[in-house]
Each structure stands twice: as structure tokens, then as C-alpha cells.
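S.K.: Mind folding the following:
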Amino acid sequence: MLGAVALRHILRTIVAAWLILSVLFLLSRSTADPDSQLRNMVESNSRMGGLLEQPATSQQLLHRYGLYEPLFYATWQPATGWHWHGVQTQYHRWLKQLLHGDLGYSYRLEAPVWDVVKQALRYTLPLTLLAAALSIALALGVATATSYRPSARRWFIRVAHILQSFPLFLLALGLLLLLANPDALSWFPAFGLGPADQESTGWSRPGLLLYQLTLPIISLVLGSFPALAIQLDGALRHEFNRPYIATARAKGSSPAGIVWRHALRNAVLPTVTLLTELLPSIVAGSVVVEVVFALPGMGRLLADAALNQDFPVLLGGVGLVAMVRLGAQLLADVLYPILDPRIRPEV
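M.R.: Model prediction:
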């Protein structure tokens, strides 16, 4: 039965992924006519200068990217009604490429989209994974440590609510002005990756990369852990009023033992949804943080792609964020029955 449930969840996730990506593709391609898309493509790439004045070359580019084909299998014309185009459409070409793992070709960079995204992930992946791990560890550590210390808990809740009220952009900008400012504390690079040469970036020098990503990571942690910690604190408060906690106290269990051995397992259950939403929200937040700190990651890539209407790159990046969110929802469906066997999955 569990195998059938898992298969159902996987199939549902695949269908949802296909629908999301299809909607993104159709919206991105329907925002401009082919000539406008070609002009944006040429103007954003200096190596294509002057090509618009060469009709044969322009036609070749349009056919190369399939921009002259109908957008979808069927279109509606007020005069003639529905018209069926068959499989010779932009959507069918894109879907066929996607099934072969091909995300398309960047208009602006003249490179495969997957290569462009993979280059940006060298910075976004460590940034988001470290921020997610630190957010979970900090929320878990602070919520459990203050749960049996009333005065410390009151201060923690106040600070957490204050942090939660600040937009991520302001948190990142405040850290930038405080810790990367020659007029205050110039401890970290204020722009991009600092003076270090490009050959030492990426996975080859983890220590240097960690130093360069310190402020972006802190920004994401300060923006994401308060909601998680407040939710966990509330769940622990609820568990402390349950009869089994009174029994544990009567048996002489210490406050820390009550939290870690008894209350925490049940308190984590209502927090699972926030836990699984943490990584998608951090991925989305990295777009803001990378723009503020001028990092060459997914955020900057998506901003440049949107500015230059580089639709294949924009679709690939936004689709990746959507896939992370769907994966998080699938993870939540799997974790609930593991944490509480009383939860019966629906077939």
C-alpha cells in the first residue's frame, strides 16, 4: 500500500511539474511577437550586431529558434474559429526537447540553458543549502533551549517577531552597510565576490567561497529562521500541556530531557510543512540576496534574463524554483507518516 501511495505522489508531482512548466512556457512565448523577440535577442548579444539588416540571416535565426511556428497545437481566430496546427508548433518542439533533457538555447549568451544554469548554481547551491541547514539548526537549538527558560523565551520571541517583520531586502542591505562598508566595518566584500580572482571561486576553494557568501547566508538565515522557530516554540508550548508530559515530570525527567525525549518528536510534526517550504522560500529569497550583493548566481541570472527577455533562461530558472517547491511538497507527504505512524496515507 505504501508503494502505491508513493507512486501516486510521484505521478501527481510529475503532472504538476508538466502543467507548471507548460504554463510558464506559453506565457513567456505569448508576451511578444516573433519580430520583437528576434530584435531583443539580437540587441542583447553584441556578437549578432547588424544581423537585423540581413533578412536572410534574420529568417534563419527565427527558424532556428522556431519562433515562426504556431505557439500551440490549436489557435482561435475570430474570423475562422479554431485552427489545428498539428505537431509543428513551438510548444511541441519545446516539450520534445524537454523530454530529452534539453532546456533550450539562451538568446543572450548563445549557450545551452542548462550550461548557463549550471554555472549559476555553483554559487546558488552552496548559498541555499548552507542557509537552509543553518536556519533549521538555529531554530531547533534556540526554540528547545529557551522552551524551559521563561525569561529567555520571552526575549527570543520578541526578537524573532522583530526579525520576521523586516523584508529580506532590508536585512541584506543593513548587513551590507554595517559589515561591508569602509565607513563602518569593512569585513566582507561589498560587491560580487570581492578582489579574489575568478579561478579560485566555486567548489575549488570552499573556505574562500564560504567567506564570500557569509553575508548573503546570514541574510537568508535571519529572514527564514524566525518563522520556523516561532512555529516550533508554539508547538512545544502545546505539547507541554499534554498528559504524557505531566507523567514524564512526575517520573523525575529533567526539563531538557522532557523536551528532547518526549515533546520534540510530536512538536516537529506540525512544523514539517514549514520545514519542507523552507528550501523553496530560501531559493526564492536568494534571488533578492544575490541581486543586493551582486553575486553571479541564479538571482542575478534571472534578473538579467528578465531584463533582456531571454525567455529560455528565464523559463529554466523559474521552472527550477517551481520544481524545488514541488519536491518539498512531495517530501512533506513522505515525512508525515514516518514521524507519526498514526497518520494513514490515502490511497
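
S.K.: just for the protein, where's the confidence low?
M.R.: Within the chain, the stretches with pLDDT under 70 are 1-6, 31-67, 190-205, 336-347.

S.K.: list the contacts for the residue positioned nearest the centre of the chain?
M.R.: Centroid-nearest residue in the chain, with CA atoms, centre = their mean: Val283, separated by 2.5 Å. Neighbouring residues of Val283 by CB atoms under 8 Å, 6 or more residues apart in numbering: Thr124, Thr128, Met298, Val321, Val324. In short, each C-beta sits where N, CA and C put it, glycine included.

S.K.: Could you tell me how far the helix or strand hosting the fourth one lies from the centre of the chain?
M.R.: So that's Val321. Per DSSP states H and E: Val321 is located in helix 311-339. For helix 311-339, the separation from the chain centroid amounts to 8 Å (computed by CA atoms, centre = their mean, to the nearest Å).

S.K.: just stretch 79-92 next, same as before
M.R.: Centroid separation for stretch 79-92 versus its chain: 34 Å, with CA atoms, centre = their mean.

S.K.: can you pull the buried residues of it?
M.R.: Within stretch 79-92, the residues that count as buried by 16 or more other CB atoms under 10 Å are His85, Thr89, Gln90, Tyr91, His92.

S.K.: of all these, which comes closest to Val334?
M.R.: Nearest to Val334 among those is Tyr91, at 32.3 Å by CB to CB.

S.K.: ok, Glu110 to Pro312 distance?
M.R.: 11 Å (CB to CB, to the nearest Å).

S.K.: Among the two, which residue is more densely surrounded?
M.R.: Per other CB atoms under 10 Å, whichever of Glu110 and Pro312 has more neighbours is Pro312, with 24 against 11.

S.K.: so the more buried one touches Asp102, yeah?
M.R.: No: assessed by CB atoms under 8 Å, Pro312 is found out of contact with Asp102, at 10.1 Å.

S.K.: which residues sit in contact with Phe72?
M.R.: Leu26, His85, Thr89, Gln90, Tyr91.

S.K.: Turn those residues into a markdown table, columns for distance to Leu138 and secondary structure.
M.R.: Listed next are those as a markdown table, based on distance: CB to CB, whole Å; DSSP: H, G, I helix; E, B strand; the rest coil:
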| residue | distance to Leu138 | secondary structure |
| --- | --- | --- |
| Leu26 | 41 | helix |
| His85 | 54 | coil |
| Thr89 | 49 | coil |
| Gln90 | 46 | helix |
| Tyr91 | 44 | helix |
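
S.K.: Going by neighbour count, list what's buried in the helix holding Val321.
M.R.: Within helix 311-339, the residues scored as buried using 16+ other CB under 10 Å are 311-320, 322-326, 328-330, 332-333, 335-336.

S.K.: Kindly indicate which of the contacts of Val283 lies nearest Ser253.
M.R.: Thr128 (37.8 Å).

S.K.: Let me know how buried that closest one is, in neighbour terms.
M.R.: 27.

S.K.: where does it sit relative to Ile218, distance-wise?
M.R.: Thr128 is 14 Å from Ile218, by CB to CB.

S.K.: Check Leu138 too.
M.R.: As judged by CB to CB, Leu138 and Ile218 stand 11 Å apart.
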